[in-house]
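1. quick one: sequence plus predicted model below, questions after.
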Amino acid sequence: MKVLVAKEEQFLTDAKGKRTGVLLNLDTYERLREAEEELADIHAYDALRDRAHSEIAAGQFTTLTSYRNDRKRRAK
């Protein structure tokens, strides 16, 4: 995982000087969004991993070849 370090931080402040936001350049913003999506994928995988392994162990799966053959048959 890449670590993002801002070279120069720019904050938005309210009238009292309290930080209320931060300005990011587009490259940093895009990298943060990609990291967020990757983390969401990891969480989704972790949530379903045990279920998927138990279904595979029980023989409840279809191979890619079988799936493609079934799709071809249905398309006719």
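-> That came through fine. Numbering: from 1, shown residues only.

2. pretty sure residue 20 sits in a strand.
-> Yes - applying DSSP: H, G, I helix; E, B strand; the rest coil, one finds residue 20 inside a strand.

3. contact partners for it?
-> Contact analysis of residue 20 by CB atoms under 8 Å, 6 or more residues apart in numbering lists 11, 12, 13, 14. From N, CA and C alone the C-beta is placed, and that goes for glycine too.

4. dump those residues into a markdown table; add secondary structure and distance to residue 25 as well.
-> Putting the contacts of residue 20 into a markdown table (DSSP: H, G, I helix; E, B strand; the rest coil; distance: CB to CB, whole Å) gives the following:
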| residue | secondary structure | distance to residue 25 |
| --- | --- | --- |
| 11 | strand | 14 |
| 12 | strand | 15 |
| 13 | strand | 19 |
| 14 | coil | 23 |
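
5. pipe the residues you listed into CSV and attach pLDDT and neighbour count per row.
-> CSV is the format used below for those (pLDDT from 0 to 100; neighbours: other CB atoms under 10 Å):
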residue, pLDDT, neighbour count
11, 92, 11
12, 93, 10
13, 94, 10
14, 94, 9
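
6. of those residues, which pair is most distant in space?
-> Within those, two members stand farthest from each other by CB to CB: 11 and 14, at 10.5 Å.

7. okay, and for the chain, where does confidence drop off?
-> Where the chain drops to pLDDT under 70, the residues are 1-7.

8. what segments of it are strands?
-> Secondary structure of the chain (DSSP state E): strands located at 10-13, 19-23.

9. let me have these in CSV, extended by distance to residue 33.
-> CSV is the format used below for those (distance: least, CB to CB, whole Å):
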stretch, distance to residue 33
strand 10-13, 19
strand 19-23, 15
